[in-house]
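Colleague: Sharing a sequence plus its predicted fold:
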Amino acid sequence: MSGSRARLQAVSAVTNYKPMSPPLNFAETPTGELFGINVFSSKVMKERLPKAVYKSLLKTIDSGEKLDASIADVVATAMKDWAIEKGATHYAHVFFPLTGLTAEKHDSFLSPDGSGGAIAEFSGAALIQGEPDASSFPSGGIRTTFEARGYTAWDTTSPAYILENPNGTTLCIPTAFVSWTGEALDKKTPLLRSMKALNEQARRVLKLFGHVEISMICSTAGAEQEYFLIDRNFFFARPDLLNAGRTLFGAKPPKGQELEDHYFGAIPERVLACMLETERELFKLGIPVKTRHNEVAPAQYEIAPIFENANVATDHQQLVMLTMKRVAQKYGMECLLHEKPFAGINGSGKHLNWSMGNSTQGNLLEPGDTPSENMQFLVFCAAVMRAVRRHSKLLRAVIAHAGNDHRLGANEAPPAIISIFLGEELTDIFEQIKKGGVKTAKRPGTLTVGVDTLPPLPRHAGDRNRTSPFAFTGNKFEFRAVGSSQSLAGPLVALNTIVAESLDYVATELEQVTKGDKKKLPGAVQKVLQGIMKENWDIIFNGDNYAESWHKEAEKRGLPNLRTTVESLPTISAKETVSLLSKYKVLSKRELESREEIYFEQYCKAINVEAILAVEIAQTLILPAAFRYQNELAQTAANLKSAGVAADTSLLERLGTLTKQLQANIEALEKAHAHKGAKNVHEEAHHYCKEVVPAMAAVRAVVDELEGIVADDLWPLPTYQEMLFIK
């Protein structure tokens, strides 16, 4: 096989791959016995805590009651003893700063005993509160370098767990992260606040339906995580993947995903081995992963869990990403979580399945057998529809970042236009409500397959729509626009809060009309639902979201189409957003402004890294290869001419034109990147979006064309064909 020396070495290493460790014995310990063994779960707490302490802590976890600080020492001792039995030497407050990543501060259990020895200690105070440096994380001006104090606070609702390492284990305690002034510096704090707001407003609505003595209402989440796996030899041979997480250059391979042969195909043995160990590690952490399969693009896969409390699901999702990357390395692979690591093929999302409910009422978005007769379901579903229509710009803003700009609107991801897919049955019901009342309802029925040996299949009343950014899928909504590298927290904060506001509106309207008279409730509900449908019907779209005709139709309906991060982020500090999130005490004006500043900075930094990389790779790898090939062609032409043979120099001329164009495009990119004079980070981001990104695309266009004509033995970078298909 031809190729440059570096590429050949990478290909050789991949094709001669040998497992780094012996296979796991999956028969030794049944999966059921593994699940949750490294979690300080309710079961463990019940076994190890005094009954009164356990009941007190359970009230805080299940009912949201204030933590009784007097029990902290007892809990801390039990947690320490449990962790030490599992080999722990340290504990860590785990928190989620505005980088979107996971952060940890590790401290040893051991303290000197004053007699030349040491004792293991872990106090209630150490459990409840930690103090990392707040000035070293993004704060958007809330903290400066000389104002370093920040606090981590124990989140009792997300269980502590053991993180295993070949050389020991660590007790990990999920925490919130706030500044010395009490302002949120993390993803968890506003998420917990938004869940509190949703609980309060949902309870008001349920009270009208006669549900008073009920458990806490929680939003629930389950994220379908898409990702790529490629061999690490290829990864390290690509400076762009190593530093930016995506390929800045790469010609389309002869075969991509057009044969539709990868989706749900047989999983390669090495990949499946990696998946199995990943799942094993996740089961130990109590993470209920359920599904795995090949995704649409070559070398792309998906893992999906069962629904959990939204806060726990968010913490677990961060652990899923960390575990996937860690285990992949053990199998000589790199897990790519960027939204678009390879141009021209399917990108990766993190489809956020969202609902709300509790242990006494169940799932509040469960239609039941007869949705048209389920008045409570229709109220909650309509509230979500109203929320999405009124706050679609905010939903677009919370999934906005540089990586997702490459994915949204492409042929495998929903467009930047936020709309709702309801399906045939629900659309019909709500349309009748809009017109005055439900008189008929579609029935699901059965689907006859036409093969005698196969049973009739129950058929849903509506199809699914994979092009919709926000789709009702039976008993939940699926927010498909979330990026694969993102934390779930931002989208969940937005969803919880906008739905809380909508439920607040519904509860207030119904309370004013019924005034405690349950007989008036059906008529009041009909009136409220009819008003919501009339005002928000334009958010419903059950067709093809990819179609150009939909973009024109959405514009006529007045639906926003914020195509880029730079267009979307100002919504975060807009007057209506500040009013909404301040009202429900989720985020203050200052906290929102700081977040907007941080996200603009992150966008600029991401594009800045890519621009520097693009120039470096083009100048130091691509141009030299092109010049060498140009020299070979010139020498060949000269030799032929001296031998009296007419030489066809068209390829040489084309190559000369492309190298000149590449040099000019590199120069233009350098000029755009060197721009000075932006007054603020907003202007800087606008410049990166409108000037630097197109300049990078121009460099890429020439490089990708060169890849198709430069001799293969001179091309310096592993190609798409090699990275995606050699396993």
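Modeller: On my side now, so go ahead.
Colleague: can you map out the strands along the stretch 51-200 of the chain?
Modeller: In the stretch 51-200 of the chain, the strands defined using DSSP state E, counting those that start in this stretch lie at 88-95, 103-108, 110-112, 118-120, 129-130, 150-154, 161-165, 168-179.
Colleague: who's in contact with the shortest one?
Modeller: Outside strand 129-130, the residues that touch it by CB atoms under 8 Å, 6 or more residues apart in numbering are 93, 105, 107, 151, 152, 153, 154, 175. Every residue, glycine included, has its C-beta placed from N, CA and C.
Colleague: Quick check: of those, which lies closest to residue 182?
Modeller: Closest approach to residue 182 among the contacts of strand 129-130 (CB to CB): residue 151, at 8.8 Å.
Colleague: residues touching that closest one, list them.
Modeller: With contact set as CB under 8 Å, 6+ apart, residue 151 has these partners: 129, 130, 131, 177, 178, 179, 180.
Colleague: same thing but 6 Å
Modeller: If a contact means CB atoms under 6 Å, 6 or more residues apart in numbering, then residue 151 has 129, 131, 178 as its contacts.
Colleague: Now, of these, which are buried?
Modeller: residue 178 (16 or more other CB atoms under 10 Å).
Colleague: In JSON lines: the contacts of residue 151, plus distance to residue 545 and pLDDT.
Modeller: As requested, the contacts of residue 151 are exported to JSON lines (distance: CB to CB, whole Å; pLDDT from 0 to 100):
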{"residue": "129", "distance to residue 545": "47", "pLDDT": "88"}
{"residue": "131", "distance to residue 545": "47", "pLDDT": "79"}
{"residue": "178", "distance to residue 545": "39", "pLDDT": "90"}
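Colleague: Relative to residue 389, which of the contacts of residue 151 is nearest.
Modeller: Distances from residue 389 to the contacts of residue 151, taken by CB to CB, are shortest for residue 178, at 33.0 Å.
Colleague: Next one: the closest one from residue 387, what distance?
Modeller: From residue 178 over to residue 387 the distance is 27 Å, taken as CB to CB, to the nearest Å.
Colleague: For the helix or strand where residue 535 lies, name the packing helices and strands.
Modeller: Per DSSP states H and E, residue 535 falls inside helix 521-536. Judged by 3 or more CB pairs under 6 Å, 6 or more residues apart in numbering; DSSP states H and E, helix 521-536 is in contact with helix 375-390, helix 424-435, helix 489-514.
Colleague: which one of the ones you listed lies closest to residue 249?
Modeller: Shortest distance between residue 249 and the helices and strands packed on helix 521-536, using CB to CB, is found for helix 489-514: 30.7 Å.
Colleague: which residues of the stretch 101-250 of the chain fall in helices?
Modeller: Secondary structure of the stretch 101-250 of the chain by DSSP state H, counting those that start in this stretch: the helices cover 124-128, 188-208, 232-236, 239-244.
Colleague: One more: the stretch 251-400 of the chain?
Modeller: 269-284, 310-330, 375-390, 392-397.
Colleague: between those helices, which one is nearest to residue 191?
Modeller: Using CB to CB, the helices of the stretch 251-400 of the chain put helix 310-330 closest to residue 191, at 5.8 Å.
Colleague: Counting by contacts, list what that closest one packs against.
Modeller: Identification of packing neighbours for helix 310-330 by 3+ CB pairs under 6 Å, 6+ apart yields strand 218-231, helix 269-284, strand 333-336.
Colleague: Give me the mean pLDDT for the longest one.
Modeller: Summarised as a single mean, pLDDT over helix 269-284 is 94.
Colleague: Give the buried residues for it.
Modeller: By neighbour count on 16+ other CB under 10 Å, the buried set for helix 269-284 is 270-271, 273-284.
Colleague: quick one: furthest residue from the center of the protein?
Modeller: For the chain, the C-alpha farthest from the mean C-alpha position belongs to residue 644; by CA atoms, centre = their mean, that distance is 64.0 Å.
Colleague: which ones are touching residue 406?
Modeller: Contacts for residue 406 (CB under 6 Å, 6+ apart) come out as residue 340.
Colleague: Can you check the pLDDT for it?
Modeller: You'll see residue 406 listed with a pLDDT of 91.
Colleague: any idea how far residue 426 is from residue 167?
Modeller: On the measure of CB to CB, residue 167 and residue 426 end up 54 Å apart.
Colleague: the more surrounded of these two?
Modeller: residue 426 (25 against 7; other CB atoms under 10 Å).
Colleague: picking that back up, let me have the buried residues of helix 269-284 in JSON lines, extended by distance to residue 654.
Modeller: Listed next are the buried residues of helix 269-284 as JSON lines, based on distance: CB to CB, whole Å:
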{"residue": "270", "distance to residue 654": "40"}
{"residue": "271", "distance to residue 654": "40"}
{"residue": "273", "distance to residue 654": "46"}
{"residue": "274", "distance to residue 654": "43"}
{"residue": "275", "distance to residue 654": "45"}
{"residue": "276", "distance to residue 654": "49"}
{"residue": "277", "distance to residue 654": "49"}
{"residue": "278", "distance to residue 654": "47"}
{"residue": "279", "distance to residue 654": "51"}
{"residue": "280", "distance to residue 654": "53"}
{"residue": "281", "distance to residue 654": "52"}
{"residue": "282", "distance to residue 654": "52"}
{"residue": "283", "distance to residue 654": "56"}
{"residue": "284", "distance to residue 654": "57"}
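Colleague: Among those, pick out the one closest to residue 202, please.
Modeller: The shortest approach to residue 202 among the buried residues of helix 269-284 belongs to residue 282, at 30.1 Å (CB to CB).
Colleague: about what we covered before: rank the strands of the stretch 51-200 of the chain by mean pLDDT and give me the bottom one.
Modeller: Of all the strands of the stretch 51-200 of the chain, strand 118-120 carries the lowest average pLDDT, namely a mean of 77.
Colleague: Check which helices and strands that one sits against.
Modeller: Applying 3+ CB pairs under 6 Å, 6+ apart, we find strand 118-120 packed against strand 110-112.
Colleague: neighbours around the nearest residue to residue 391 once chain neighbours are set aside, how many?
Modeller: Distance criterion CB to CB, 6 or more residues apart in numbering; nearest residue to residue 391, sequence neighbours excluded, is residue 498 at 4.2 Å. Neighbourhood size, residue 498 [other CB under 10 Å]: 27.
Colleague: again with residue 722
Modeller: Neighbour tally, residue 722, other CB under 10 Å: 21.
Colleague: For whichever strand or helix holds it, buried residues please.
Modeller: Using DSSP H and E, residue 722 maps to helix 720-725. Buried residues in helix 720-725, counted by 16+ other CB under 10 Å: 720, 721, 722, 723, 724.
Colleague: next one: stretch 170-187
Modeller: 170-179, 183-187.
Colleague: For that stretch, measure first residue to last.
Modeller: 23 Å (CA to CA, to the nearest Å).
Colleague: List of residues touching that stretch?
Modeller: Against stretch 170-187 from outside (CB under 6 Å, 6+ apart): 83, 88, 90-97, 134, 139, 142-143, 149-155, 158, 160-161, 163, 188-190, 315, 487, 489, 591.
Colleague: Next, work out how far apart the residue nearest the centre of the chain and residue 467 are.
Modeller: Nearest to the mean C-alpha position of the chain, by CA atoms, centre = their mean, lies residue 486 at 3.4 Å. To residue 467, residue 486 is 20 Å away according to CB to CB.
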